[in-house]
Structure formats: C-alpha cells, structure tokens
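*Asks:* structure for this input, please:
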Amino acid sequence: MKKILFISYYFSPEKTVAAQRVSYWAKNIKEHIDVEVDVITASEQCIEETSRIDNIFHVSNSRTGLLGHLFKSDLGATWFYDLKKHFSKNKKKYDVVVITGNPFLHFFIAKILKHTMGCKIVLDFRDPFAKNERNVSTVLSVKFKRKMLVLFEYFFCEFADKIIVMNEGCKKLLCSRQKEIIEIIDNGYDEKSLNNATKKLAVGNNSKKTIVYLGSFAVDRNIDNLLTSNKALGFAFDILHIGKPLEGLDKHKGVTCTGLVSYSDAVGYAKGADIGLILASGKAFESTTKIFDYIGLGLPILIITNGEVQTGNIHEVTKDYPAVWWASNNEQSIIDALKDIMTFELNYKANGFSKEKFSRKHGLGALVNFIDLKKTL
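*Replies:* Residues are numbered from 1 along each chain as shown. Next up, the predicted model:
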C-alpha cells in the first residue's frame, strides 16, 4: 500500500478555518483510494481524531530559529525547524506529501522532502501568500519583507509537482514559473457536517429574521454600518455572530455572540438562522469558507462589500445562486438591501441550482484525480 502525508500547522480539533479543509481531506481520502494516511501538525490531538487516519504526529512549535526572528507573524517560520528535526529522526518515506498553508513558511520543508524521499509534492496555498492584496502597509520594512516573500514563493514552487489555489484570482497572484501545474480547488462546504449538524437557536425572538455571520472582522470587513442600518430600521433583524469575539459587539441591541465554537456547532447555529452574511474586502481573489457553508445550507445570502458590488470571486461563486443580495458597505445601500430582504419569501426552492460542486467531497475527488493517485500510488 502506498503512502500519503498531509503537513498542516492547524488540524482538527482546531476550530480555525485553516484546519477545516485539510482535516476533511485526510479523514476522507480513503473513501476515494486505498492508501495509508499520515498527518503532521502543530495542533494538539485527541485520540478519537485518529479513527480514519493511520498516524497523526504532533510536532509542537518551539518558536526558535533565525527565520522566526525575521517573520514573527508567520508561525511556519519557526515550525519549519521543528519539522526538520522530526524528519531527521523519522525516516518513513511517502509517495505524496501535501503541505498546507496558512501559515506558509514551513513550505521550505518541500525542498528537503523532495530530495530525501523523491516524493510528489503538493503545495496547498489556500490563501494568497506573497502577494496578498489585503496587506497594504507602506512601511519600508514591511515592503522589503514582502519582496522577500515573493522570492520565497518562487522558491517553494520550484519543488512542487502540483500547486493548489482556491480560485482564478489567487492563481493570478501566485509567484510560480510553472503555471501549468496550478490547480483550483475552492474551500467548499463539509457536506457530512452540514447534514449531521443539529439545528441550534441562539436567538429567542422568532418574530424577527436572523442574520448570521460566521467568521472574524477586520478593517475592511467591518460590521458597523450594518448595525447602524438595522437600528435605523427599528432593529428589524436579529444579528448572530459566531466566531472570534469582537469587543463590545454583544453590547449592541439585537446582537447575540456565541464566541468560537466547533465547526459542527457553527453550522448548527447557521441552520437556525434565516440569512447568511458575508463581509467582503472587495478584492478580486477573495473567497471565504462561509459562502460555501451558506450555499450548502441553502441560506439566502447578504454580501456587504468595501469594493464594487457583484465583482470578484465571490460573485463568480454566487452569480447563479437564487437568493443573493449585494450592498456597498454604507448605510443607505445596506438599508435598501435589508428592506428588500424583509419583503422576500425566505422559504424558496433553489430549483436548478446544483450545490454539490461546492462540496468538499467534490474537491477531494479533484485532488485525488489531478495528483493521479490511482495510477501512481
């Protein structure tokens, strides 16, 4: 039996989005191919997590090493040294190694594994790394480091047999001389978790429609105008936030916050809501896991963007979806969208829309096919 290894800083049971897709792949790949599956992660593990995986190796981050002093915000910068130590002691060889970001700087391990194992290397970038358009700092030291990251990204990609990005926007930003090996697999929704999740109600007032937001906030993903707009409409909607707490948000009238919860609980709360919320920065490459969760659940979607409405990858994903509202991130535009939602019959049928192509099962099938596992493993 051939062997595949997944290397990911974050892995289940971590709640962060960076752990979700790779955890699904590792746990479910045996449904597609007969293969031995190992995982290396910095996330501490529970015994039950190993049920569909042959071995999970916990390699903790010692947070030491020169690279970490230069790039403190990327945890892979120091974890890379811990991975080197792990592989110097553990000589097991693999046929395919999938290395996932974010973080990214542990991708340096690709060169070592390519030379010592002669294995296929798959780099799963998920998000843009060197050319992330949301990083807009003009500080000279930051600009210099970004130039270094571009060189690093070119270096990583030299040792890849396949490179995974989430969409065409991310593909255009990737620094690789080997464009022909780049493949697109979006984040997708976990159809198993969605089907098995128990509907949860966090908001007690059933007379109002509930807008749910799964995720975190940022300067360019700001909820303030939605709060103001909802107030202007007499608090017509309940707002439910699931994710990393935003200080003071739960003090607003009509807002309920659960904090960080497991993925299954998050989609359970989303099942109990009426509308899914996307806060977008307006960048063309932008793609969020929650858009796929909302599609998988069949929720109507409100997209509030700092950029131009109905543009970018989010529009490409939702343009055929039967219940989507866009608004610019200003009070009047949001009020107009909310008024439209208030008159919409939410018990619609998504006739003719196929959501299965957005599932993680579909994405995993693509992974198996394009790395040619059935032929080469």
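
*Asks:* for the rest of this, base every contact and every neighbour count on C-alpha atoms.
*Replies:* OK.

*Asks:* chain center to the longest helix anywhere in the chain: distance?
*Replies:* In the chain, assigned by DSSP state H, the helix with the most residues is helix 140-157. Here helix 140-157 shows a centroid-to-chain-centroid distance of 22 Å under the convention Cα atoms, centre = their mean, to the nearest Å.

*Asks:* show me what counts as buried in it.
*Replies:* By neighbour count with 16 or more other Cα atoms under 10 Å, helix 140-157 contains the buried residues 146, 149-150, 152-157.

*Asks:* show me the contacts for the nearest residue to C175 once chain neighbours are set aside.
*Replies:* By the measure of Cα to Cα, 6 or more residues apart in numbering, the closest residue to C175 outside its immediate chain neighbours is Y154, 5.3 Å from it. By Cα atoms under 8 Å, 6 or more residues apart in numbering, the residues touching Y154 are 175-177.

*Asks:* over to T256. Which of the three states is it?
*Replies:* Assigned state for T256: strand (three-state reduction, DSSP: H, G, I helix; E, B strand; the rest coil).

*Asks:* my guess is it contacts L240, does it?
*Replies:* Yes. Here T256 reaches L240: they are 4.8 Å apart, a contact under Cα atoms under 8 Å.

*Asks:* those two: which has the busier surroundings?
*Replies:* Set T256 next to L240 and count neighbours by other Cα atoms under 10 Å: L240 wins out with 25 against 19.

*Asks:* can you tell me the SS state at that one?
*Replies:* Counting by three-state DSSP, the backbone at L240 sits in strand.

*Asks:* please apply the same query to Q332.
*Replies:* Assigned by three-state DSSP, the conformation of Q332 is helix.

*Asks:* strands along the stretch 1-150 of the chain, start to end?
*Replies:* Using DSSP state E, counting those that start in this stretch, the strands found in the stretch 1-150 of the chain span residues 3-8, 36-41, 55-58, 96-100, 120-126.

*Asks:* same check on the stretch 151-300 of the chain?
*Replies:* 162-165, 182-184, 209-214, 237-242, 255-259, 275-280.

*Asks:* right, so of those, which gets closest to I335?
*Replies:* Closest of those to I335 is strand 237-242, at 11.5 Å (criterion: Cα to Cα).

*Asks:* just the CA trace of that closest one, in CSV.
*Replies:* In CSV, the C-alpha atoms belonging to strand 237-242 read as follows (Å, rounded to 0.1, in the frame of the first residue of the first chain):
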residue,chain,number,x,y,z
PHE,A,237,-33.3,41.8,12.3
ASP,A,238,-31.6,39.8,15.0
ILE,A,239,-27.9,39.5,14.3
LEU,A,240,-25.9,36.4,15.4
HIS,A,241,-22.1,36.3,15.3
ILE,A,242,-20.3,33.0,15.6
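
*Asks:* what helices or strands is it leaning on?
*Replies:* Other elements packing on strand 237-242 under the criterion 3 or more Cα pairs under 8 Å, 6 or more residues apart in numbering; DSSP states H and E are strand 209-214, strand 255-259.

*Asks:* what do T256 and L240 both touch?
*Replies:* 202-203.

*Asks:* rewinding a little: make TSV from the buried residues of helix 140-157 and add distance to S229 and pLDDT to it.
*Replies:* Shown next, in TSV, are the buried residues of helix 140-157 (distance: Cα to Cα, whole Å; pLDDT from 0 to 100):
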residue	distance to S229	pLDDT
R146	38	81
L149	40	91
V150	41	90
F152	44	92
E153	42	91
Y154	45	92
F155	47	93
F156	46	94
C157	46	91
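
*Asks:* now the residues you listed as JSON lines including distance to T318?
*Replies:* Below are the buried residues of helix 140-157 laid out as JSON lines (distance: Cα to Cα, whole Å):
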{"residue": "R146", "distance to T318": "32"}
{"residue": "L149", "distance to T318": "32"}
{"residue": "V150", "distance to T318": "31"}
{"residue": "F152", "distance to T318": "34"}
{"residue": "E153", "distance to T318": "30"}
{"residue": "Y154", "distance to T318": "32"}
{"residue": "F155", "distance to T318": "35"}
{"residue": "F156", "distance to T318": "32"}
{"residue": "C157", "distance to T318": "31"}
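
*Asks:* out of these, which is nearest to W325?
*Replies:* For the buried residues of helix 140-157, the residue nearest W325 by Cα to Cα is R146; the value is 35.5 Å.
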